[in-house]
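Asks: what follows is a predicted protein model with its sequence.
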Amino acid sequence: ETIIEVELTVLQKTYYRALYEKNLRFLHRNKKKALDGPSISNLAVQLRKCCNHPFLLRGCEDDARKAEGVDAADRKAEADFLVRASGKLVLLDKLLPRLQEGGHRILIFSQFCIMLDILTDYLDLRDFKHERIDGNITGKQRQSAIDRFQAEAQDGKRAPFVMLLSTRAGGVGINLTAADTCIIFDSDWNPQNDLQAQARCHRIGHTKSVKIYR
């Protein structure tokens with residue numbers, strides 16, 4: 001397991017400090033009503049969201065978009081815009097192409113389904129083939145996603161490179177031994193849940209060693 005320390009981006013630092021100091025004047029600037037801006041109730045969760053990606057905070061993405069004037073039709077510019085905002089995503093953006101070149105298959109775990117939404121957009125924009133399992137994906141859909149990920153490239157098709165999972169939904173009763181690298185995007189309060197998650201790719205019958213990035 002490798003624990004990687006990541007610097008917050010300027011945008012993250014600005015919002016983190018404003019949340020921590022409960023600076024409503026900054027958080028709710030340019031907003032018609034308070035509900036359009038970040039909430040300061042349950043502060044610990046808001047700070048965790050900010051560390052993952054500032055766009056998880058209400059209203060932050062709109063402000064950043066106006067400030068930078070990004071062309072949503074330009075896929076590369078849109079992907080770069082998503083990546084620039086978050087220190088963790090900057091690192092992931094460097095890590096994934098390198099892992100893909102090495103022929104690795106990846107599981108990425110996050111606590112927040114809304115974070116998985118951002119990662120889904122990012123993977124689409126960068127053309128990484130992926131599958132996803134969270135609490136809303138059940139039964140047959142879930143099993144088909146697992147089967148597609150586990151199936152080696154058949155009929156000349158590309159096998160999915162990344163599987164996105166929410167730590168709680170993807171932590172139990174799933175074998176994903178096709179993966180050999182596990183990225184814990186954000187740690188759970190309960191370390192046992194992360195161990196459960198890592199055990200998805202570290203299963204009986206796995207022949208390679210499993211690398212974990214936290």
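Replies: That came in fine, so what should we check first?
Asks: switch to C-alpha atoms for all contacts and neighbour counts from now on
Replies: Will do.
Asks: please name the residues that touch the closest residue to Ser86 other than its chain neighbours.
Replies: Distances taken as C-alpha to C-alpha, 6 or more residues apart in numbering put His53 closest to Ser86, at 5.1 Å, once the chain neighbours are dropped. Under the criterion of C-alpha atoms under 8 Å, 6 or more residues apart in numbering, the contact partners of His53 comprise Gln12, Ala85, Ser86, Gly87, Lys88, Leu89, Met115.
Asks: mind giving me JSON lines with the residues you listed and columns for neighbour count and pLDDT?
Replies: Conversion of the contacts of His53 to JSON lines gives the following (neighbours: other C-alpha atoms under 10 Å; pLDDT from 0 to 100):
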{"residue": "Gln12", "neighbour count": "22", "pLDDT": "95"}
{"residue": "Ala85", "neighbour count": "21", "pLDDT": "93"}
{"residue": "Ser86", "neighbour count": "24", "pLDDT": "95"}
{"residue": "Gly87", "neighbour count": "22", "pLDDT": "95"}
{"residue": "Lys88", "neighbour count": "21", "pLDDT": "95"}
{"residue": "Leu89", "neighbour count": "21", "pLDDT": "95"}
{"residue": "Met115", "neighbour count": "20", "pLDDT": "94"}
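Asks: in helices, which of those residues fall?
Replies: Among these, the subset assigned to helices under DSSP state H consists of Gln12, Gly87, Lys88, Leu89, Met115.
Asks: quick one on the thing from earlier: which among the contacts of His53 gets closest to Val45?
Replies: Nearest to Val45 among the contacts of His53: Met115, at 12.8 Å, using C-alpha to C-alpha.
Asks: redo the ones in helices among the contacts of His53 as CSV? Include distance to Lys33.
Replies: Conversion of the ones in helices among the contacts of His53 to CSV gives the following (distance: C-alpha to C-alpha, whole Å):
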residue, distance to Lys33
Gln12, 22
Gly87, 29
Lys88, 30
Leu89, 30
Met115, 25
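Asks: what segments of this protein are strands?
Replies: Per DSSP state E, the chain carries strands over the ranges 106-110, 130-133, 162-166, 181-184, 211-213.
Asks: most tightly surrounded among these?
Replies: strand 106-110 (a mean of 26; mean count of other C-alpha atoms under 10 Å).
Asks: centre of the chain to that one, how far?
Replies: Relative to its parent chain, strand 106-110 has a centroid offset of 7 Å by C-alpha atoms, centre = their mean, to the nearest Å.
Asks: quick one, the worst-scoring helix or strand of the chain on mean pLDDT and strand 106-110 angle?
Replies: Between all helices and strands in the chain, the lowest mean by mean pLDDT, DSSP states H and E belongs to helix 191-198, at a mean of 84. Interaxial angle, helix 191-198 versus strand 106-110 (axes from the mean of the first three to the mean of the last three C-alpha atoms, to 10 degrees): 150 degrees.
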